[in-house]
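Q: Predicted model and sequence below, questions to follow.
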Amino acid sequence: MFPLGIEPYLVGGLIVGIGVSLIYVLTGLHATQSSFFTTTLSWFSKLAHFQENRNLDERDWRVTLALGVVSGALIYTFTLSPSGLWVTKVELWRLALGGLLIGFGTRLSTGCTSGHGISGLASLSTTSLYAVLTFMGFGIITAHLLELVGVV
C-alpha cells in the first residue's frame, strides 16, 4: 500500500498541511490551484469570463503559488529523490484523457481533490466534504472496475 514505506507520505502530508496552514494564517487565502488555468488565461484572453475581477485579482498569487509548488518538487527531485526525475510508462493518450476528465470535473465541482480535501475540509466546508466523499468513492469504484477488466 505504501511502496516507499509510510514515512515519506507522513512527512509530505505534514509539510503540505503546515504550508497550507501558514498561507491561510498569514494571508487569509485558501491555497488551492483549481482556478490557476482560468486566472492565467486572464493575461492572454479578452473574453469576458477571463476578465472578471476575481480572475484578475487572484492571478498573481495563484501563479506565484504554482511556481512555488513546481520549484519545491524540482528541488526535492534533484536533491532527495532516490529515483531522480519521475517518468511514467503510461501512454500519452491515457494521460491526456485523464487530464481532460479531471479538468472538466474540477471545474464542475468548483475545486479539485486537493483543494477540497485540504483547504475545504480544513475550513469545515460541507460542500468540500461531499466533494471529497464523491471523489474518493468513485475513485475506489473505478480502480476496482479497472482491476476486474485486467488493467494494472
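A: Looks like it came in fine.
Q: How much space separates the most centrally placed residue in the chain from residue 104?
A: Geometric centre of the chain, nearest residue: residue 114, 4.8 Å, by CA atoms, centre = their mean. The gap separating residue 114 from residue 104 is 17 Å, by CB to CB, to the nearest Å. For every residue, glycine as well, the C-beta is placed using N, CA and C.
Q: With residue 13 instead?
A: When CB to CB is applied, the distance between residue 13 and residue 104 equals 27 Å.
Q: Also residue 49?
A: Taking CB to CB, one finds residue 49 at 16 Å from residue 104.
Q: And residue 73, by the same measure?
A: Computed with CB to CB, the distance linking residue 73 and residue 104 is 24 Å.
Q: Residue 20 now?
A: Taking CB to CB as the measure, residue 20 falls 25 Å from residue 104.
Q: quick one, which of these two is more surrounded?
A: residue 20 (19 against 10; other CB atoms under 10 Å).
Q: My read is that that one contacts residue 122, right?
A: Yes: counting by CB atoms under 8 Å, residue 20 touches residue 122, with 7.0 Å between them.
Q: Quickly find the element holding the residue nearest to the centre of the chain.
A: For residue 114, the enclosing helix or strand under DSSP states H and E is helix 113-114.
Q: Beyond that helix, next helix or strand please.
A: helix 121-122.
Q: Can you name the element that comes right after that next one?
A: For helix 121-122, the following helix or strand on the C-terminal side (DSSP H and E) is helix 126-148.
Q: Now that following helix: buried residues?
A: With burial defined by 16 or more other CB atoms under 10 Å, the residues of helix 126-148 counted as buried are 128, 131, 132, 135.
Q: for it, packing partners?
A: Helix 126-148 makes packing contacts with helix 121-122 when contacts are defined by 3 or more CB pairs under 8 Å, 6 or more residues apart in numbering; DSSP states H and E.
Q: buried residues in the lengthiest helix in the chain?
A: Ranked by number of residues, the top helix in the chain under DSSP state H is helix 53-79. By neighbour count, with 16+ other CB under 10 Å as the criterion, the buried positions of helix 53-79 are 55, 58, 59, 62, 65.
Q: List just the nearest of these to residue 80.
A: residue 65 (21.7 Å; CB to CB).
Q: That closest one contacts residue 35, doesn't it?
A: No: under the contact definition of CB under 8 Å, residue 65 does not touch residue 35, with a separation of 10.8 Å.
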